[in-house]
Structures are given as structure tokens and as C-alpha cells.
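A.B. asks: Here's my sequence, what's the structure:
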Amino acid sequence: ADLEKLPRKDTKNTPPAPDVAALAQALRGALGDAVSEVRPTERLVSSAAVLTAAANAPDLHMQRLLRRAGRAGPAAPPVLEINPHHALIAALAARHAAGAELAESAGFLLDLARMQDGDLPRDPAAFARRIEEVLAETLR
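C.D. replies: Have a look, this model is predicted:
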């Protein structure tokens, strides 16, 4: 069943989602070849983003299993699906509309999605440093 066709249960307390089409296009441009597409999705509830396999590509879990078994072939870059109802995506959409640069945030979002999928960030040390910086800023 297509989960996007089912009504969201939390619509009473959730403001309408912003239009994130321009944000999706900007994220796609910032991420380059790391993703095949960035698109909004209605199937996420609490996550800001998720990675899915590109059309006609093996499932991401299957790709990971093949990699670990030493049988990985050339894999298509994943699709980054973003949740327009999530506060992080709404904030990024607002920043993009205000003309802010999104390259670092786009990479960070991709790494978060990779971690949720069970993979490591592209650069774990840089990811850890960025988490430390964000925590230090919020604790001031």
C-alpha cells in the first residue's frame, strides 16, 4: 500500500507544511552526485529525511549487504526524501527563501539520513566536530 495516500493522524496540531519544492531543488544542487534526487514525502512522521533507493536500483539494505559481502556493483546514488512537516525542513526552507547558503546544512542532512539508515556519515570525524559545534552553540 502507498503510505502517502493515507491521511496523517497528527494534522489537528500540525500547521500546514511549507512548500519545499525550491528547497528540494537547492538541496539537490548542493549535494551534487551524492544523491540522484531530493523530493518531499508525506510518509515520514518524526524524521526530517530518509534515504531510499533510486528507481530500478536494489533496495539500500540489499546494497549494504552486497557491499559487506564484497559483491557490490556500481550503485546508483540514493534519493533523499524530506519531510515538509518537520521543524528542521521548515527552518531550512525559510533560510533558503531568505537567500542563505545551504551546502553545509545539505551535507549534514544527508549524513543524518545515512545514519538513520544504518550507514556511517561520509566523514565521521567532520560530522562529530559539527555536532560538537552545534551543541556548544546551543548551550551558550
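
A.B. asks: So which elements touch whichever strand or helix holds residue 130?
C.D. replies: Using DSSP states H and E, the element containing residue 130 is helix 124-138. Secondary-structure packing of helix 124-138 (3 or more Cβ pairs under 8 Å, 6 or more residues apart in numbering; DSSP states H and E): helix 103-116. The way it works is simple: take the backbone N, C-alpha and C, and place the C-beta from them, glycine included.

A.B. asks: What's the mean pLDDT across the helix it packs on?
C.D. replies: When pLDDT is averaged along helix 103-116, the result is 94.

A.B. asks: Phi, psi for the residue nearest to the spatial centre of the chain please.
C.D. replies: Per Cα atoms, centre = their mean, the C-alpha nearest to the average position across the chain is that of residue 49, at 3.5 Å. Residue 49 adopts backbone torsions of phi -160, psi 160, taken as degrees, to the nearest 10.

A.B. asks: From what I see, it and residue 109 are in contact.
C.D. replies: Yes: the criterion here is Cβ atoms under 8 Å, and residue 49 meets it with residue 109 at 5.4 Å.

A.B. asks: Touching both of these two, which residues are there?
C.D. replies: Overlap of the contact sets of residue 49 and residue 109 (by Cβ atoms under 8 Å, 6 or more residues apart in numbering) consists of 80, 82.
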